[in-house]
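Novice: Return atomic coordinates for the entry below.
(one chain, ligands or ions: 2)
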Amino acid sequence: MYKLASSILSADFNILGEQIEQIEAAGADYIHFDVMDGHFVPNISFGIPVLKSIRANTNLIFDVHLMIASPEKYIKAFSDAGADIINFHYEAAKNPLKLIQEIKSLGKKCAMTIKPGTDVENIYKYLNELDMVLLMSVEPGFGGQMLIESTLEKARKLRDYITQKNLVIDIEMDGGIYPDNLGMVLDAGVNVVVAGAAIFENNKINTNIDMFMRTFKE
Ligand code: DX5
Ligand code: ZN
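Specialist: Numbering: from 1, shown residues only. Ligands and ions are numbered 1, 2, ... in the order given. So this is what the prediction gives:
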């Protein structure tokens, strides 16, 4: 079962509520929140108050991608603000196992995220505890970049490993995914697709989401 996570990083924040209604009506599964702190990544986006406001107005699952230093300091706040899935970066965590346990003790789903240059084998030892792995297919920090094709090889390797170990873990991929390269992303074993620029392109949210959904069904 494939899922679409709409990244609102490329939304028009002047009419965010309306755009989220459109995302929900078009059948996307998750809202993907790209939280950036200007330290872990060279950009600043949005955070806790934005999640809280949106939580009051939608039933969509909140997939929160924390691109922040010291994620351990903020897990509880994002959980309270309405996160359903919390993704933290392996590269940012001092004690990944402790962080996973904390996220799960708050009743949330936990995902670990790796940057394009991080070898996927680094996270094998955590897989037993994870609900999802988020593989970045661009350098984190900005929407609208081009997918780095070598990251598909990591997805394939991880999917094979997960299957071999009989684990049930989602593989999410994030960055540069458009309807025209979606096929190869799914072929590599990804089952949760993040898209931002592709969804808000030309302000045609419904049509753009539909293109993803159609490929999911093929
Ligand atoms: C990049 C973010 C992505 C991004 C989505 O740091 O994590 O979620 O907004 O990527 P695009 O816009 O390429 O679909
Ligand atoms: Zn993201």
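Novice: Up against ligand 2, what does this structure have?
Specialist: Proximity of the chain to ligand 2 (CB under 5 Å from the ion) is limited to residues Asp34, His65, Asp174. Every C-beta, even on glycine, is put in place using the N, C-alpha and C of the backbone.
Novice: Out of these, which end up buried?
Specialist: Neighbour counting by 16 or more other CB atoms under 10 Å classes Asp34, His65, Asp174 among these as buried.
Novice: Tell me which of the residues you listed fall in strands.
Specialist: Secondary structure from DSSP state E places Asp34, His65, Asp174 of those in strands.
Novice: Tell me the predicted confidence for the second one.
Specialist: So the one you mean is His65. pLDDT for His65: 99.
Novice: In contact with it: list those residues for me.
Specialist: His65 sits next to His32, Phe33, Asp34, Val35, Asn87, Thr113, Leu134, Asp174, Val194 when contact means CB atoms under 8 Å, 6 or more residues apart in numbering.
Novice: out of the residues of the chain next to ligand 2, which one sits closest to Gly82?
Specialist: Of all these, His65 has the smallest distance to Gly82: 14.5 Å, by CB to CB.
Novice: Quickly list what the closest one is bridged to.
Specialist: With DSSP bridges as the criterion, His65 is bridged to Asp34, Asn87.
Novice: Run the contact check for stretch 209-218 versus ligand 1.
Specialist: No - using CB under 6 Å from any ligand atom, stretch 209-218 stays clear of ligand 1, coming no nearer than 10.9 Å.
Novice: Please save the CA atoms from that stretch in CSV.
Specialist: What follows is stretch 209-218 as a C-alpha-only set of coordinates in CSV (Å, rounded to 0.1, in the frame of the first residue of the first chain):
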residue,chain,number,x,y,z
ILE,A,209,-2.0,14.8,-6.4
ASP,A,210,-4.1,12.8,-8.8
MET,A,211,-1.1,12.1,-11.0
PHE,A,212,0.6,10.5,-8.0
MET,A,213,-2.5,8.5,-7.0
ARG,A,214,-2.8,7.2,-10.6
THR,A,215,0.7,5.9,-10.6
PHE,A,216,0.2,4.2,-7.2
LYS,A,217,-2.7,2.3,-8.7
GLU,A,218,-0.9,1.2,-11.9
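Novice: Tell me where the protein has strands.
Specialist: For the chain, the strands defined by DSSP E cover 3-7, 30-36, 61-67, 85-89, 109-114, 132-136, 170-174, 192-195.
Novice: Nearest to Ile75 among those would be which one?
Specialist: strand 85-89 (6.4 Å).
Novice: May I see the buried residues of the closest one?
Specialist: By neighbour count with 16+ other CB under 10 Å, strand 85-89 contains the buried residues Ile85, Ile86, Asn87, Phe88, His89.
Novice: Please dump these into CSV; it should also carry pLDDT for every row.
Specialist: As requested, the buried residues of strand 85-89 are exported to CSV (pLDDT from 0 to 100):
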residue, pLDDT
Ile85, 99
Ile86, 98
Asn87, 98
Phe88, 98
His89, 98
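Novice: out of those residues, who's nearest ligand 2?
Specialist: Nearest to ligand 2, judged by CB to the ion, of the buried residues of strand 85-89 is Asn87 at 7.6 Å.
Novice: Distance-wise, check Val185 relative to Ile86.
Specialist: Applying CB to CB, to the nearest Å, the value for Val185 to Ile86 is 23 Å.
Novice: can you pull the contacts of the residue nearest to Gln19 when sequence neighbours are not counted?
Specialist: Counting by CB to CB, 6 or more residues apart in numbering, the nearest residue to Gln19 once its immediate chain neighbours are dropped is Ala11, at 5.0 Å. Ala11 is in contact with Gln19, Ile20, Phe200, counting by CB under 8 Å, 6+ apart.
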